[in-house]
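S.K.: Please work out how this folds:
(one chain, ligands or ions: 1)
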Amino acid sequence: SSRFADVAQAPPDPILGVSEAFRASTSPNKLNLGVGAYRDEDLKPVVLSVVKKAETKIVGRAENKEYLPIEGLDAFRKATVDLLLGAGHPAIQEGRVAVVQSLSGTGSLRVGSAFIARFMKGATVYLSNPTWGNHRNIFGDENVEWKYYRYFDADTVGLDFKGMMEDLTAAPAGSVVLLHGCAHNPTGVDPTAEQWGAIADLCKERNLLPFFDVAYQGFATGDLDKDAFAPRLFVERGLEIVVAQSYSKNLGLYGERVGALVMVLNDKEAATRCLSQLKRLARALYSNPPTWGAKIAAEVVNDKELFDEWKGEMRGMAGRIERVRGELKTALDAKYPDKDWSFITRQIGMFSFTGLTPAQASGGRRVDNMTNKHAVYMTRDGRISLAGLNSAKVDYLANAIVDSVR
Ligand code: PLP
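M.R.: Numbers count the residues shown, from 1 in each chain. Have a look, this model is predicted:
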């Protein structure tokens, strides 16, 4: 028998487990609305045209496979801060931005979590309720204490702004607040510009450190600049921020693991020292980041022509999602007019938080009904990814939802 005979089975990941179940399904109607990855109108994965062009250029240069520096590729580090703050931002010119290229959004969050564990001992991280499920693992595995702040209001299917502000006001000074930069996952509910301003002011007043998870820049409005509104506003108001950036969704580089952990600070010396510590943490976690995806992202963002073309492709992806959103709402309005479906088009980004519950006192198990009866694969929190839907499947999905909600 094994010395590890006592190791218990870990629970399947609630999001990635959905894709596994989908692959195993033999239903001809099966629909995967679980994972947040963009699909085209044929529900096929997409490699962006700008990515193909960038790859051709990079291959042409026949570069070597040497290690990158611990902090990553310089051209990528410049590109990623330009994308976040806008090229030429004063914080960049003043050298008060610390950047490490890391393993996409998740790895960048984890480096940030390790930084908090080491340099903000005893600080609690406040997570929105609900949030992307992996946030709890990322902080929990570094033994960083986390708590929820109120975020989603099921009655209005909108933001519980009052509850959020109350909870953050009650957070001890020196706490960390994890904020979704845009296109909140899983709810699709973002604060308004005015509310963002109030959140920034509260963070300043209460000395809270804002930690932005920017995984969907471009997917909220289709515009990369507009979607960076919140972190840019916080910096404008003089706050120091930490940001985890991901190119998985907006550049479609999922498996290449491209992202960065960025700290925008108030002085250059602090940025230099923090960067040295981020490198120290990365060295022990994975030593140095992968090259290929970083070269692609750098090529696209640093080349005016490719950057403009990317903006067009971004609008195309965001636009397709917005269109199927509208079609789904129209179909649901027609099939079940007694219910208010307007939340579907009010929500933004890749997801819709449908309000379907795993187990409901009266209505049976609704998500189970979606999956077991209709072969619609989705997470048990009721989230569906609209990136996995096309016009041809709207009617089928609407019937499944109505059957599960009634
Ligand atoms: N943060 C949020 C809110 C996400 O939804 C995701 C991916 O689903 C990530 C971070 C990280 O993704 P990745 O590690 O692929 O960049």
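S.K.: residues in the stretch 151-300 of the chain within reach of the ligand, list them.
M.R.: 180, 185, 213, 215, 246, 248, 254, 259 (C-beta under 6 Å from any ligand atom). From N, CA and C alone the C-beta is placed, and that goes for glycine too.
S.K.: Could you work out the most separated pair of those residues?
M.R.: His180 and Tyr254 (18.5 Å; C-beta to C-beta).
S.K.: So the two - more neighbours on which side?
M.R.: Using other C-beta atoms under 10 Å as the criterion, His180 and Tyr254 rank with His180 on top: 25 against 18.
S.K.: Report the separation between that one and Ala8.
M.R.: Applying C-beta to C-beta, to the nearest Å, the value for His180 to Ala8 is 32 Å.
S.K.: now swap in Gln195 and tell me
M.R.: On the measure of C-beta to C-beta, Gln195 and Ala8 end up 43 Å apart.
S.K.: Looking at the two, which is more packed in?
M.R.: Gln195 (15 against 5).
S.K.: got the contact list for the more buried one?
M.R.: 159, 161 (C-beta atoms under 8 Å, 6 or more residues apart in numbering).
S.K.: make it 6 Å
M.R.: Residues near Gln195 by C-beta atoms under 6 Å, 6 or more residues apart in numbering: Phe161.
S.K.: pLDDT value on it, please?
M.R.: Looking at Gln195, its pLDDT reads 98.
S.K.: May I ask which helix or strand encompasses it?
M.R.: Using DSSP states H and E, Gln195 sits within helix 193-205.
S.K.: what residues does the stretch 1-150 of the chain put near the ligand?
M.R.: So far as C-beta under 6 Å from any ligand atom goes, the stretch 1-150 of the chain lies against the ligand at 36, 104-106, 132.
S.K.: Just the closest of those residues to Leu356, please.
M.R.: Gly36 (17.1 Å).
S.K.: Run a quick check on that closest one versus Ser352, I expect a contact.
M.R.: No. Gly36 lies out of contact with Ser352 (C-beta atoms under 6 Å); the separation is 11.6 Å.
S.K.: And the closest residue to Ala230 other than its chain neighbours, how far from the ligand?
M.R.: Leaving aside its sequence neighbours, Ala230 sits nearest to Trp196 (C-beta to C-beta, 6 or more residues apart in numbering; 5.0 Å). Trp196 sits 17 Å away from the ligand, taking C-beta to the nearest ligand atom, to the nearest Å as the criterion.
S.K.: how deep is Trp196 tucked in, by neighbour count?
M.R.: Neighbours of Trp196 using other C-beta under 10 Å come to 19.
S.K.: thinking again about what came up before, so which residues make contact with the helix or strand just after the helix holding Gln195?
M.R.: Using DSSP H and E, the helix or strand that follows helix 193-205 in sequence is strand 209-214. Identification of contacts with strand 209-214 by C-beta under 6 Å, 6+ apart yields 176-181, 203, 231, 234, 241-245.
S.K.: The residue of the stretch 251-400 of the chain found nearest the ligand: which element?
M.R.: Going by C-beta to the nearest ligand atom, the ligand is nearest to Gly259 of the stretch 251-400 of the chain, at 5.3 Å. Assessed by DSSP H and E, Gly259 sits inside strand 258-264.
S.K.: Okay, angle between that strand and strand 209-214 too, please.
M.R.: 150 degrees (axes from the mean of the first three to the mean of the last three C-alpha atoms, to 10 degrees).
S.K.: sorry, back to before: closest one of the contacts of strand 209-214 to Ala392?
M.R.: The nearest one, if we look at the contacts of strand 209-214 relative to Ala392 and count by C-beta to C-beta, is His180, at 30.8 Å.
S.K.: How about the contacts made by that closest one?
M.R.: Asp213.
S.K.: May I have the phi/psi pair for it?
M.R.: phi -80, psi 120 (degrees, to the nearest 10).
S.K.: Is it bridged to anything, and to what?
M.R.: Asp213 (DSSP bridges).
S.K.: Distance check, Asp6 against Gly140.
M.R.: 22 Å.
S.K.: Could you do Tyr247 as well?
M.R.: Taken as C-beta to C-beta, the span from Tyr247 to Gly140 is 25 Å.
S.K.: what's the answer for Gln217, then?
M.R.: 26 Å.
S.K.: Over to Ser104?
M.R.: From Ser104 to Gly140 the distance is 19 Å (C-beta to C-beta).
S.K.: cool, Arg61 as well?
M.R.: 42 Å.
S.K.: With neighbour numbers in mind, choose between these two.
M.R.: Gly140 (13 against 8).
S.K.: Not counting its neighbours along the chain, what's nearest that one?
M.R.: Trp146 (6.7 Å).
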